[in-house]
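Chemist: based on what follows, work out the 3D shape:
(chains A and B, ligands or ions: 3)
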Amino acid sequence: MSKHIKDDFSIVIAGQAGQGIQSVSHILTHVLKLEGYHVFATKEYMSRVRGGMNSTTIRVSSIKRDAYKSSIDLFVPLDPNGYEHVKKRFTDDTMFLGFKNNGFCSDCIMEVDFINIAQAIGNRLYANTVAAGAILGLMGVDVEQPKEYLRAFFVKKGEEVIKKNQEALEKGYKMGEHFAFSNDVTCSFETDEDVKDDLFISGIDAVGFGALAGGVDFCSSYPMSPSTGLLTFLAQHGKDCGVVVEQATDEIGAINMTIGASYAGARGIVTTAGGGFALMCEALSLAAMTETPITIHIAQRPGPATGLPTKTAQEDLNLVLYAGHGEFVRAIYAPGTPVEAYEITAHALDVADKYQVPTFILIDQYFVDALYTIDKEEFAVLPYQKYLVESEREYKRYAITDDGISPRSVPGYGDGLVCADSDEHDESGRITEDMDGLRMQMMEKRFFKRKKLLEESALEPEVIGKKSAKTLVVCWGSNRNVVTEAVENLEDKEVSVVSFVQVYPLHKNVKKMLTKADKVVVIENNATGQFANLLEKECEIKIDKRILKWNGELFSVEELTEKLQQI
Amino acid sequence: MITAAQTKKDFNVPPEVENQWCPGCGNFPILQTLKKVMQDIDIEAKNITLVSGIGQAAKLPQYFKANYFNGLHGRALPVATGIKASNPKQTVIVTSGDGDVYGEGGNHLIHTIRRNPNITVIVHDNMIYGLTKGQAAPTSQEGLVTPTQPQGVIDEPINPVAFAISLDAPFVARANAGDPKEMQKILKQAIEHKGFSLVDIFQPCVVFNKVNTYQWFKEHTYYMEEDYDVSDKVAAFARAAEEEKFPLGVLYAHNRRTVFEDAVGIYNVDDRPLYMRDMNCSVRSALLASQK
Ligand SMILES: Cc1ncc(C[n+]2csc(CCOP(=O)(O)OP(=O)(O)O)c2C)c(N)n1
Ligand code: SF4
Ligand SMILES: [Mg+2]
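Modeler: Ligands and ions are numbered 1, 2, ... in the order given. As a prediction, the model looks like this:
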């Protein structure tokens, strides 16, 4: 069965929760990166701690390919039931390495019993390292560097564990190598020296670094998949960076605590998922009324209610657009790559502070868990500005000004007093029911003037391809790379991608751009086309075609290529 | 050193601020007493932040010259915690109602006591919802007839002081707005005590609660004896559980717990509040550089 491992190679590892998929993919991805391969990984898992069936897809390529492909080049089942779980992704060329499953083409399987081999070494725990070794052997990657990596990885566990893992790696490696030889598997891969020094980072950690670059110094949040990674990131690194991090006991407490912190001069962020954000809606309105800056990071998953806790979706745009009682402004961002996540998170924090408004970062499970190799230089030091003023004796927190922004001070900074109120208030912050006077003036300042400021500061969507193309394929957030690769596959100069990192308010050029195109296609992970609807309303256009998916899975490059070809 | 300007601190708001409380309301003595306590402690208005939820009691900050954050119904405690954790130099005091702190915000009370920021929580306990015109509060006594409990309250009232002691709150006291002199001593101790302090103040609502009046509170309370040991948790709990006559004074006080803002771990090396700090770019960049 002669096979060829080419420049763009997808490895899928499947097994039960607790069987060690994460360890195999951790070793594999890091080793491959250190060898100079571009690596991109996504995981798909069930909302349970043991059992079930999970998988990780590792896409290895010689040029950067940060998008999910569904077809499998090498399948590595850590459990015989893995086949059933991903069978729709097999192709005629898929190679199989690992446990047998009699229901599937038994003659093309390179059978390895990882556990047996591990047990022979001394402990079934080494099975993951055997598996990683077998894959590396099959691919013909040099064996010495992975052994060094294992030494560094297990250094805290002692010499015995290091040695046994190295032995396990070699055993697996030999089998992989042998299979490659006896099945005529050849490999031609061009490696890229520069990748070796790259960051290997998850989407959520990119948000975390962006939050630090944006000067965050307060975070109180309540754990909820898939948003918890940001709380964890800040809890791990916060102290050294002067960030106060506190796990709240519910989302209402989390956001109110962050609002209190921000009122006192902190730059605050909360992280949550749709359900948690639903609990925060009253306080969102409080932030707006008191003109207290806050950034809310929402990692989406399919609903309603508890929905599919560990799957992906873009279902909460409408919630975020309209959340909160009363009328007030907001800005909503949706990064689609780690570099965007880094920059946009810092930007969202800045905009919140500058205009004293709530800002949102909308991502999703897929982006949270995806792992990317990124050039460190791309995470540059970003401009950072504080917008606080020292107060004078007669300071008024809600002073009416020409541009609608009242200079913001905080308690203790200067001789004035800072009085914030959730009731309608006068310039000094005291309750008022002066409807025709103060109410109207405050609405003018809080809503109309700020709406204009936010519109003027809106980020333009990125056009990939020709701006004047006849067909524009629109996406937002994490679909960016998948859509871009699918459109590249069409090889049609008249089809371009428009990727939105800010979904609200829209940049002023959007309407003109979309109106000029012959055809506008919108791709998103929900059942109704929430962004398409928004575009129709805001730009007074008709979206010609919506490509939607709402089963909890992300789009694959192949699937989108096929769907776009039909248009 | 006390300057002339400081001795004149009265914490009075400008006369044009209209007070919306009913004449004779128990909120007035609380407001006046709190002003006296703060004069006594000798602190500048700019270093005090009052935090409240929504209700009649929660309007107190409007009538007191200091910083304030008048937030949502029930949500004063997390806001106060956030303020204290971002600026430990502020004296943070929550003044809100029994419905606000024990009802809508009950969950926050549990966990704020556990978290233990150095703040003082003053609950105006009128055993009724004042602002919304006389419905039962979590402290309403069984049998109290209200527009929404026409057959009388059937739920067991919460015992806030016993509850706080059970969670080992560092300072738990009860006062009577009908006795400002004693209330002043209690409030002063509460504010000066390091750690979470709860003062439940019996506060007659002269409009919507015709049962629990000044007279009723006088008859149904007593002060604890001078030699009472405030640090004994079990004894405090036994006292707090008394409901025939409610004990007044400091029920429980100790210094056995770490304060939240000390525990967050960023003020031990640098005691400046967050607003004064510039972002430490070098630490943040170094973190990024150390990643692989
Ligand atoms: C979320 C929400 N629910 C209900 C209300 C209406 N509300 C305002 S104050 C209040 C109760 C007030 O009682 P309490 O806290 O005891 O204060 P009091 O007026 O008695 O001082 C209620 C139910 C509100 N403002 N917000
Ligand atoms: S309604 Fe009751 S609590 Fe409110 S001001 Fe009047 S007397 Fe006081
Ligand atoms: Mg009340």
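
Chemist: helices of the stretch 201-350 of chain A, residue ranges please.
Modeler: Taking DSSP state H, counting those that start in this stretch as the test, the helices found in the stretch 201-350 of chain A are A:203-213, A:228-237, A:251-263, A:274-290, A:317-322, A:338-355.

Chemist: so which of those is the most surrounded?
Modeler: Ranked by mean neighbour count under mean count of other C-beta atoms under 10 Å in any protein chain shown, the helices of the stretch 201-350 of chain A are led by helix A:251-263, which reaches a mean of 30. In short, each C-beta sits where N, CA and C put it, glycine included.

Chemist: can you confirm whether stretch B:155-165 lies near ligand 1?
Modeler: No - counting by C-beta under 6 Å from any ligand atom, ligand 1 is not contacted by stretch B:155-165; separation bottoms out at 12.0 Å.

Chemist: what parts of the stretch 51-200 of chain B come near ligand 3?
Modeler: Applying C-beta under 5 Å from the ion, we find that the stretch 51-200 of chain B lies next to ligand 3 at B:97-99, B:126, B:137.

Chemist: which one of those residues sits closest to residue A:466?
Modeler: The shortest approach to residue A:466 among those belongs to residue B:99, at 62.3 Å (C-beta to C-beta).

Chemist: how about the strand or helix carrying residue B:81 against chain A, any contact?
Modeler: Following DSSP states H and E, one finds residue B:81 within helix B:76-86. Yes - using C-beta under 8 Å from any C-beta of the partner chain, helix B:76-86 reaches chain A at B:77-83, B:85-86.

Chemist: on that earlier part again, can the residues of the stretch 51-200 of chain B next to ligand 3 go into JSON lines with extra columns for neighbour count?
Modeler: Below are those laid out as JSON lines (neighbours: other C-beta atoms under 10 Å in any protein chain shown):
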{"residue": "B:97", "neighbour count": "35"}
{"residue": "B:98", "neighbour count": "28"}
{"residue": "B:99", "neighbour count": "33"}
{"residue": "B:126", "neighbour count": "30"}
{"residue": "B:137", "neighbour count": "26"}
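
Chemist: now for those, which pair is the farthest apart?
Modeler: Within those, two members stand farthest from each other by C-beta to C-beta: B:99 and B:126, at 9.1 Å.

Chemist: mutual contacts of the two, please.
Modeler: residue B:137 (C-beta atoms under 8 Å, 6 or more residues apart in numbering or on different chains).

Chemist: for ligand 2, what's the nearest residue on the stretch 401-550 of chain A?
Modeler: In the stretch 401-550 of chain A, no residue comes nearer to ligand 2 than residue A:431, which is 14.2 Å away by C-beta to the nearest ligand atom.

Chemist: can you check the stretch 151-292 of chain B too?
Modeler: Relative to ligand 2, the nearest point of the stretch 151-292 of chain B is residue B:205 (3.2 Å; C-beta to the nearest ligand atom).

Chemist: now that residue, what's its secondary structure?
Modeler: What DSSP: H, G, I helix; E, B strand; the rest coil gives for residue B:205 is coil.

Chemist: rewinding a little: what about the residues of the stretch 51-200 of chain B next to ligand 3, which are in strands?
Modeler: residue B:97 (DSSP state E).

Chemist: which one of the residues of the stretch 51-200 of chain B next to ligand 3 is nearest chain A?
Modeler: The shortest gap between chain A and any of these belongs to residue B:97, at 15.0 Å (C-beta to the nearest C-beta).

Chemist: ok, that closest one - contacts?
Modeler: B:53, B:55-58, B:123-126, B:129-131, B:137.

Chemist: so for it, what's the pLDDT?
Modeler: We have a pLDDT of 98 for residue B:97.

Chemist: re the thing from before, report how many residues lie close to the residue of the stretch 401-550 of chain A closest to ligand 2.
Modeler: Residue A:431 is flanked by 16 other residues according to other C-beta atoms under 10 Å in any protein chain shown.

Chemist: helix or strand next in line after the host helix or strand of residue A:359, which one?
Modeler: According to DSSP H and E, residue A:359 maps onto strand A:358-364. Scanning forward in sequence from strand A:358-364 by DSSP H and E, the next helix or strand is helix A:365-369.

Chemist: show the average pLDDT along that following helix.
Modeler: For helix A:365-369, the mean per-residue pLDDT is 97.

Chemist: tell me the contacts of the spatially most central residue of chain B?
Modeler: With distances taken as C-alpha atoms, centre = their mean, residue B:121 lies nearest the centre of chain B, 1.7 Å away. By C-beta under 8 Å, 6+ apart, the contact list for residue B:121 reads B:76-77, B:80, B:93-94, B:96, B:101, B:109, B:112, B:196-199.
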